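In: Turn this into a model:
(3 chains)
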Amino acid sequence: MSFTRRNALALGSAAIAVTLLPLRAFAASEKSMEAITAFADGATVAEGGIELTTPEIAENGNTVPVEFSAPGAKRVMLLADGNPSPGVATFNFGALADPSGSTRIRLAGTQNVIAIAEMADGSYTQVAKAVKVTIGGCGG
Amino acid sequence: MAKARVKAPKTAAAGEMVTIKTLVNHPMESGQRKDKEGNLIPRKIINAFTATFGGEHVVAAAFEAAISTNPYFQFSFTVPATGDLVMKWTDDDGSMIEQTKTITVA
Amino acid sequence: MKKFTKTLTCVIAASAFATVAVADEDAKLIINDELKIETNVAASADSPLDELFSGWVFRSNETQLMQMDDFDNPSFIFVEQAEEQFAKVDGTEGKACATCHEDVASFKGLRTVLPRHNASTGKLDTMATLINDCRTDRMGAEPWKFSKGKMTSMKALISLQSRGMPMNVAVDGGAAEAFEKGKELYYTRVGQLDMSCANCHEDNYGNMIRADHLSQGQTNGFPTYRLKNAKLNSIQGRFKGCMKNIRATPYKEGSDEFTALELYVASRGNGLIVESPSVRN
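Out: Predicted coordinates for the structure are as follows:
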């Protein structure tokens, strides 16, 4: 393959995109922030401590499998940060339950899925996972 | 009326962690879609799920419209002794689906 | 595997196709930890394809997994509904499906040979026409609409009885004429996009069409639960969707055209293993 001007341009813009990425670290939308503040009752929310499994690329945004495990959590909230309304589900675990679960959700487009957990000691933590939602040729 | 499918083990060892899979046949109408005339189709979703075992709270979930059609939920809990796992799903219209699975500790 | 090595050359040839491959080449389809289904089989000598791939191999890991357990596969909601329907008396004759066909398992193998030429009518029988013939002629019940819930659910239940068996439709004898008609439809470019079935499913399977991984368009998984519309989809319903995608006016479900095409497409997959009801995107 010869190195064409078009390819050079594509490479150039890709390089720019990569260098810009660190500036765009995860920041929840305003609506998500409101939901997180309400869930955590305004307390500080730490990062990590939750295993959130999502597909890197979802074949269809209509049915996206999501799995979470938050050892030591009493409550877990899932948010779809880029949906018109970010709420997905809130789980309240009793003493018998393992604070984990799996469900299938709707994502309006490429976005972050956020899990926030309230731990047994009353502290809060969150993780976010980016999910690319493809606009299909025929499957979409 | 919507129906629930539940996959639960019939037996478990005392103190064993079991996994329950649930699937409900339900449109989960989001309230954000429009019909052919351009009118908003009213929201109709399963908005809540609860599971108890032997009367003890296991998990309660509040669902929003972002849960997919035919909602799927899988959870795990520790079986202390023989008992009934009672699961309830609540529809926006106030109707309920209830399913009970007995898990026997041998 | 040919389909994955083909990608690069085609990207240069057609800018509509991108390079991201999402399928796991080594994934094996095992349902309920017990039923192994071969998703890649040799094509017959007269096949236009070098080898046959189930649509399952082109899907992402998450979609593949959903089909590997009959509980995770949402199709089984509808299979259960069909089981109830099978036992239910319907129509003026006071009969249920089960009145004559005591055990649905007696339909084992039927899915693999449909569509099939019917010598007495001179037409092709599809599962939909067989079900409706039973309903109208034997049960005195209203026929079901093609691709509507009850029909597709019943097809899923009956097709399930053949899961694990190779497709084996006959294309000679009385079926020869329909086969030729179906073949012609398959290779005829139609619609505003001026495309034939073959442009995507023969020339470009394994490549991406925008963000979607093109399959060979095989029928061995139908009815299929699609993540897109969260319900069971029939073969001819899918043909309709394809034709709309290429901006063509679709034929009607149950038309001679679609039935001939169903036979031809099924024959291209002879040897592929029935997976019905499958899960696709």
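In: Let me know the helix or strand that C:V41 is in.
Out: strand C:40-42 (DSSP states H and E).
In: I'd like the next helix or strand past that strand.
Out: strand C:51-53.
In: Now that following strand: buried residues?
Out: C:52-53 (16 or more other Cβ atoms under 10 Å in any protein chain shown). The way it works is simple: take the backbone N, C-alpha and C, and place the C-beta from them, glycine included.
In: that older thread, what is the rounded mean pLDDT of the strand holding C:V41?
Out: For strand C:40-42, mean pLDDT is 94.
In: cool, stretch A:67-74 as well?
Out: In the prediction, stretch A:67-74 has an average pLDDT of 97.
In: Can you give me the end-to-end span of it?
Out: Terminal residues of stretch A:67-74 are spaced 16 Å apart (Cα to Cα, to the nearest Å).
In: from the chain's centre, how far out does that stretch sit?
Out: 15 Å (Cα atoms, centre = their mean, to the nearest Å).
In: Going by neighbour count, which residues in that stretch are buried?
Out: Of the residues in stretch A:67-74, those buried (16+ other Cβ under 10 Å) are A:68-70, A:73-74.
In: Please work out which residues outside that stretch touch it.
Out: Contact with stretch A:67-74 is made by A:49-54, A:76, A:78, A:92-93, A:98-102, A:115, A:117-120, A:125, as judged by Cβ atoms under 8 Å, 6 or more residues apart in numbering or on different chains.
In: ditto for stretch C:235-251
Out: Applying Cβ under 8 Å, 6+ apart, the contact partners of stretch C:235-251 are A:137-138, C:128, C:146-147, C:152, C:190-195, C:197, C:217, C:219, C:222-224, C:233, C:253-254, C:257-259, C:261-262, C:265.
In: Could you pick out the buried ones from those?
Out: By 16+ other Cβ under 10 Å, those give A:137-138, C:128, C:146-147, C:152, C:190-191, C:195, C:197, C:217, C:219, C:222-224, C:233, C:253-254, C:257-259, C:261-262, C:265 as buried.
In: Sort out for me which of those residues are in helices.
Out: C:128, C:152, C:197, C:257-259, C:261-262, C:265 (DSSP state H).
In: What residues does the residue in chain B that chain C sits nearest to make contact with?
Out: As assessed by Cβ to the nearest Cβ, chain C sits closest to B:T69 within chain B, at 3.6 Å. Counting by Cβ under 8 Å, 6+ apart, B:T69 makes contact with A:62-63, B:26-28, C:230.
In: Pull the most distant pair out of these.
Out: Greatest spacing in these, by Cβ to Cβ: A:N62 and B:H26 (14.4 Å).
In: what residue of chain B is the furthest out?
Out: B:E37 (33.3 Å; Cα atoms, centre = their mean).
In: Tell me how many other residues surround the residue lying closest to C:R163 once chain neighbours are set aside.
Out: Nearest residue to C:R163, sequence neighbours excluded (Cβ to Cβ, 6 or more residues apart in numbering or on different chains): C:V274, at 5.4 Å. Other residues within reach of C:V274, judged by other Cβ atoms under 10 Å in any protein chain shown, total 25.
In: any idea how far A:P84 is from A:P65?
Out: According to Cβ to Cβ, to the nearest Å, A:P84 stands 21 Å off from A:P65.
In: Look at these two and report which has more neighbours.
Out: A:P65 (22 against 11).
In: still on that earlier bit, okay if I get the buried residues of stretch A:67-74 as JSON lines plus secondary structure and distance to C:N204?
Out: As requested, those are exported to JSON lines (DSSP: H, G, I helix; E, B strand; the rest coil; distance: Cβ to Cβ, whole Å):
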{"residue": "A:F68", "secondary structure": "strand", "distance to C:N204": "38"}
{"residue": "A:S69", "secondary structure": "strand", "distance to C:N204": "40"}
{"residue": "A:A70", "secondary structure": "coil", "distance to C:N204": "43"}
{"residue": "A:A73", "secondary structure": "strand", "distance to C:N204": "47"}
{"residue": "A:K74", "secondary structure": "strand", "distance to C:N204": "51"}
